[in-house]
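*Asks:* got a sequence here, can you model it:
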Amino acid sequence: MYEIAGRLSVTGKPFTLAAYDLRGHGAAAAESIVSIDQLAHDLLAICLNLTTRPVHVVGLSLGGAVGQAAALASPDRIASLALLGTSSQFPRAAMYDRATRGKVNGVASQVDDTLARWVSDPAADNEVNGYIRHALAQITPERWAQTWEALGRFDVVDHLPGFRCPVLALAGTRDVASPAEALELIAKSVADGTVEYLDTAHLSALERPLEVAVHITDHLLRVFGRD
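*Replies:* Numbering: from 1, shown residues only. Okay, the predicted model is just below:
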């Protein structure tokens, strides 16, 4: 986020960057997750508190699903989307199975499998893996299950052609959680889509933050240039 701010600041264009914790995560960990549409409503409400102008949304993984849902719910409020490591539809059986295993066996039992899906070197003793382990340790089995179940119910594939805003789909070439094909589908299905690639696993923003910042900034500048 700070890299994006630095790159945008040299353009002289006014901007505001904002980030927040989704329900069930971080400072909002106590809040229940009902659906992706609920999370999209939260996003739209937060943005409306910041500005009455359309906003540019960047979302990774679950955040990418939230961004898509927000663009469908209030297309006039979303100026563009940058979607990283996400999908327009997640395999329901796999999501529900993941939810059940977390509820029955505890979140700690799911950490190794999760790292294997999310990062390039899950065995590494590094800052990224340490951060993920710490973050997962804060999630209760209930919130864990709610998150995966919400993703399992999410499906906007048939609605992609109706997206009115420019969409950047940023795919990790080593992402097994949301393979590049899922991002390619989004980019080719929307009216104004672009797919770009990074040599990363699922959590590209943690593994390659500088490269992600370049792609997102270039996307934003392209969109700004149309205004």
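*Asks:* and the helix or strand in which Asn49 is found, what's its mean pLDDT?
*Replies:* For Asn49, the element it lies in under DSSP states H and E is helix 36-50. Over the span of helix 36-50, the pLDDT mean works out to 97.
*Asks:* what sits up against it?
*Replies:* Here helix 36-50 makes contact (Cβ atoms under 8 Å, 6 or more residues apart in numbering) with 16, 18, 20, 22-23, 33, 55, 57, 62, 65-67, 69-70, 72-74, 77, 150-151, 153-154. All C-beta spots, glycine's among them, are computed from the backbone N, C-alpha and C.
*Asks:* could you do stretch 194-201 as well?
*Replies:* 117-120, 166-177, 180, 183-184, 186-188, 204, 207-208, 211-212, 215, 219.
*Asks:* so of these, which ones are in strands?
*Replies:* Val167, Leu168, Ala169, Leu170, Ala171, Gly172 (DSSP state E).
*Asks:* same list (those residues) but as JSON lines, adding neighbour count, pLDDT and distance to Ala5.
*Replies:* Formatted as JSON lines, the ones in strands among the contacts of stretch 194-201 follow (neighbours: other Cβ atoms under 10 Å; pLDDT from 0 to 100; distance: Cβ to Cβ, whole Å):
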{"residue": "Val167", "neighbour count": "26", "pLDDT": "98", "distance to Ala5": "22"}
{"residue": "Leu168", "neighbour count": "26", "pLDDT": "98", "distance to Ala5": "18"}
{"residue": "Ala169", "neighbour count": "28", "pLDDT": "98", "distance to Ala5": "23"}
{"residue": "Leu170", "neighbour count": "28", "pLDDT": "98", "distance to Ala5": "18"}
{"residue": "Ala171", "neighbour count": "25", "pLDDT": "98", "distance to Ala5": "24"}
{"residue": "Gly172", "neighbour count": "26", "pLDDT": "98", "distance to Ala5": "23"}
